[in-house]
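**Student:** quick one, structure for this:
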Amino acid sequence: MKFKLENKDQHSKARAGEIQTDHGLIQTPIFMPVGTAGSVKAVHQRELTYDVKAQIILGNTYHLYLRPGLEVLEKAGGLHKFMGWSSPILTDSGGYQVFSLEGNRKIKEEGVVFKSHIDGSKHHFTPESVMDIQRTIGADIIMAFDECTPFPCDWSYAKNSMHLTHRWLKRCIDQFDNTSGKYGYSQSLFPIVQGSTFKDLRMDAARFVSDQDREGNAIGGLSVGEPAEMMYEMTDLVTDILPEDKPRYLMGVGTPANILEGIALGIDMFDCVMPTRNARNGMLFTSEGIINIRNERWKMDFSPLDSGFDSHVSNFYSKAYLRHLTISKEMLAAQIASIHNLSFYLWLVTQAREHIQAGDFTTWKNAMVEKVSRRL
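**Tutor:** You can find the predicted model right below:
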């Protein structure tokens with residue numbers, strides 16, 4: 001993997017760059033649609049490519065390990081071939097999912113023992129096994145196994161958790177460097193900065209992660225319930241320390257406003273289930289603000305979902321039609337809304353990139369944050 005920094009904004013830490021992988025080029029800043037179990041919910045791979053214009057998608061190690069399982073994925077030739085997706089893929093390590101299983105998991109030095117949410121069967125993740133699992137899944141970018149601290153937590157818990165994450169990271173690196181990919185293309189390992197919402201821990205973690213000198217770095221443990229301003233403060237601290245010549249990935253973030261503020265703080269990569277999950281519940285993100293398509297006010301509104309950017313789905317279908325489908329519980333509603341929301345997110349980061357290159361990012365960003373945050 002290679003990263004080239006192309007432009008930097010004069011009034012913020014925003015940057016435009018390119019990540020070159022064996023499965024293609026990624027122009028940053030970028031948003032990655034979440035395809036948890038080898039599928040971005042309600043969106044066909046063809047639509048991801050041509051409507052959404054996704055350059056990279058995310059898969060989930062925990063879910064793919066449980067279903068369809070490693071035997072199926074290896075026999076298929078990896079996740080790319082299994083799901084018919086030829087562009088880059090990133091897999092998270094399963095750390096966040098295991099963290100979410102509180103009551104059904106035990107964290108120890110060796111790793112984590114957990115029960116499957118599907119059938120209650122017992123499983124064991126270690127830093128080594130998670131590297132091997134992600135080798136088998138075959139993503140271009142794989143994440144180190146970490147403990148995601150809950151919010152809130154006290155300083156001593158966060159400190160111990162961070163040090164555990166660092167010990168696990170060393171083991172991830174050793175296992176990754178002593179193995180090779182299974183499908184004839186290269187993979188890159190990203191460490192994760194933890195430390196909860198404590199400045200000293202975040203700075204220590206950022207320095208430790210930077211010292212590992214991997215091809216990119218991630219920031220985890222944010223967007224887990226803390227106030228947005230706290231998330232921005234931690235991100236700002238960390239991006240001051242992480243190396244400039246490597247991509248920075250803020251995990252699990254977020255709203256359109258969160259993404260724009262994250263870009264201004266020097267983040268290059270984002271992912272979140274919000275555009276698809278909220279779409280299935282009738283919430284649309286648009287260039288003019290947020291729409292609850294179930295509201296009565298859209299019943300007779302035959303204007304396009306969003307004419308503010310070029311998207312076949314957003315420009316073609318009306319608010320009234322999508323409201324009808326949503327109220328009627330038609331499956332097409334989830335499909336149209338998901339494609340629209342993802343198209344908007346990808347348009348938004350592409351616009352950010354263009355304004356960084358044009359030199360007026362901060363002015364544009366401040367105006368856009370206000371627009372995309374308002375309820376219509």
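**Student:** can we go C-alpha only for contacts and neighbour counts from here?
**Tutor:** Fine.
**Student:** end to end, how far does stretch 37-50 reach?
**Tutor:** Start and end residues of stretch 37-50 are separated by 21 Å (Cα to Cα, to the nearest Å).
**Student:** now that stretch, how far from the centre of its chain.
**Tutor:** Stretch 37-50 has its average C-alpha position 15 Å from the chain's average C-alpha position, going by Cα atoms, centre = their mean, to the nearest Å.
**Student:** and the host helix or strand of residue 368, what does it pack onto?
**Tutor:** For residue 368, the element it lies in under DSSP states H and E is helix 361-373. The contact analysis (3 or more Cα pairs under 8 Å, 6 or more residues apart in numbering; DSSP states H and E) places helix 361-373 against helix 256-264, strand 289-292, helix 331-358.
**Student:** try it again at 10 Å.
**Tutor:** Here helix 361-373 is seen to pack against helix 256-264, strand 283-286, strand 289-292, helix 331-358 when contacts are counted using 3 or more Cα pairs under 10 Å, 6 or more residues apart in numbering; DSSP states H and E.
**Student:** go through these and name the closest to residue 67.
**Tutor:** With Cα to Cα as the criterion, residue 67 lies closest to helix 331-358 of the helices and strands packed on helix 361-373, at 23.2 Å.
**Student:** quick check: mean pLDDT of the closest one?
**Tutor:** Averaging pLDDT along helix 331-358 gives 98.
**Student:** now residue 348: how far from residue 84?
**Tutor:** In this structure, residue 348 and residue 84 are separated by 26 Å, where distance is defined by Cα to Cα.
**Student:** show me which of those two is the more surrounded one.
**Tutor:** In this comparison of residue 348 against residue 84, neighbours counted by other Cα atoms under 10 Å, the higher total goes to residue 348 at 23 against 11.
**Student:** what residues does that one make contact with?
**Tutor:** When the contact criterion is Cα atoms under 10 Å, 6 or more residues apart in numbering, the partners of residue 348 are 29-31, 256, 259-260, 286-287, 309, 342, 354, 368, 372.
**Student:** and stretch 40-54, how far apart are its ends?
**Tutor:** 11 Å.
**Student:** kindly report the same for stretch 246-257.
**Tutor:** Between the opening and closing residues of stretch 246-257 we find a distance of 24 Å, counting by Cα to Cα.
**Student:** lowest-pLDDT helix or strand in this protein?
**Tutor:** When each helix and strand of the chain is scored by mean pLDDT, DSSP states H and E, helix 95-100 comes last, with a mean of 74.
**Student:** counting by contacts, list what whichever helix or strand comes after that one packs against.
**Tutor:** With elements assigned by DSSP H and E, the helix or strand that comes after helix 95-100 is strand 105-107. Contacting strand 105-107 under the criterion 3+ Cα pairs under 10 Å, 6+ apart are the following elements: helix 95-100, strand 112-115, strand 122-125.
**Student:** average pLDDT for strand 105-107?
**Tutor:** 87.
**Student:** ok, now stretch 363-371?
**Tutor:** Along stretch 363-371, the predicted local confidence has a mean pLDDT of 98.
**Student:** what's in contact with that stretch?
**Tutor:** Residues outside stretch 363-371 that contact it (Cα under 10 Å, 6+ apart) are 11, 256-261, 263-264, 286-290, 348, 351-352, 355-356, 362.
**Student:** filter those residues to the buried ones?
**Tutor:** Neighbour counting over the contacts of stretch 363-371 (16 or more other Cα atoms under 10 Å) leaves 256-261, 263-264, 286-290, 348, 351-352, 355-356, 362 as the buried ones.
**Student:** and the strands in the stretch 101-250 of the chain, which stretches?
**Tutor:** Along the stretch 101-250 of the chain, the stretches classed as strands by DSSP state E, counting those that start in this stretch are 105-107, 112-115, 122-125, 141-143, 188-190, 192-193, 217-219, 248-250.
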